[in-house]
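**Q** structural data only, the sequence is not supplied:
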């Protein structure tokens, strides 16, 4: 079974631009979560989508948004990029998002560099 | 590969030693905990989990201990191997669903 895939793997953008990252979950998984990973802050939860609806949201500004399509694929968008948005963005999928015993599978991440 | 190990505490062990990685959590309402392993260039990989109604759970070469009194979690790796070298994160579930709060991580370095 194919794992979680994320595209692109690497991205370089300029301050003020916007970016869209994509995540394809494992086949049959309906929950997709996004995390931001930086050396200083570690792994931080961004949001979770289930059946095309945002079900949970972390403490990030409105510049960070996402969506999920009917095939469970998800995208996240960051507008008006800032230098501090440079990070590894990780996507995780699970069957239904019930964290207790419903294992989350992570993709390899997208490394975003903002210059 | 991706550098996720900056600013992290590091545990250095010899191959064959037992390793113990510790994690403190802050929210007494957390009732589900997971340990993840992250190798360079890869996303976190599930190792083992434990619910708050347990204080110990064993897997293959790994044991997780939970002490709710002092809000402490530990991961024990038996007979550590060079392939165990990675960053290890504990995560707690607060609020249900897929909202996981991760610890800062510990880098484990295993020398042959």
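**A** Yes, it's here. Treat the numbers as computed from the prediction; the structure is a model and nothing was measured. Residues are numbered from 1 along each chain as shown, chains lettered A, B, ... in the order given.
**Q** give me the below-cutoff pLDDT ranges for chain B.
**A** Within chain B, the stretches with pLDDT under 70 are B:1-7, B:95-98.
**Q** again, only this time at 90
**A** Within chain B, the segments meeting pLDDT under 90 span B:1-8, B:26-32, B:41, B:93-101, B:104.
**Q** strands of that one, start to end?
**A** B:10-14, B:19-24, B:32-38, B:45-51, B:56-58, B:62-67, B:72-77, B:86-93, B:100-102, B:106-111 (DSSP state E).
**Q** could you pull up the residues touching residue A:91?
**A** A:4, A:6, A:21, A:23, A:25, A:32-35, A:74, A:76, A:106-107, A:109 (C-beta atoms under 8 Å, 6 or more residues apart in numbering or on different chains). Every residue, glycine included, has its C-beta placed from N, CA and C.
**Q** and residue B:39, by the same measure?
**A** By C-beta under 8 Å, 6+ apart, residue B:39 lies in contact with B:1, B:45, B:85-87.
**Q** and chain B, which of the contacts of residue A:91 reach it?
**A** When contact is defined as C-beta under 8 Å from any C-beta of the partner chain, the contacts of residue A:91 meet chain B at A:4, A:33, A:35, A:106-107, A:109.
**Q** what's the burial count for the residue in chain A that chain B sits nearest to?
**A** As assessed by C-beta to the nearest C-beta, chain B sits closest to residue A:106 within chain A, at 3.1 Å. Look at residue A:106: counted by other C-beta atoms under 10 Å in any protein chain shown, it has 22 neighbours.
**Q** how close does it sit to residue A:88?
**A** For residue A:106, the distance to residue A:88 equals 11 Å [C-beta to C-beta, to the nearest Å].
**Q** do the same with residue A:108
**A** For residue A:108, the distance to residue A:88 equals 9 Å [C-beta to C-beta].
**Q** same deal with residue A:28?
**A** Distance of residue A:28 to residue A:88, given as C-beta to C-beta: 26 Å.
**Q** the more surrounded of those two?
**A** residue A:88 (21 against 9).
**Q** of the contacts of residue A:91, just say which sits nearest to residue B:59.
**A** residue A:106 (18.4 Å; C-beta to C-beta).
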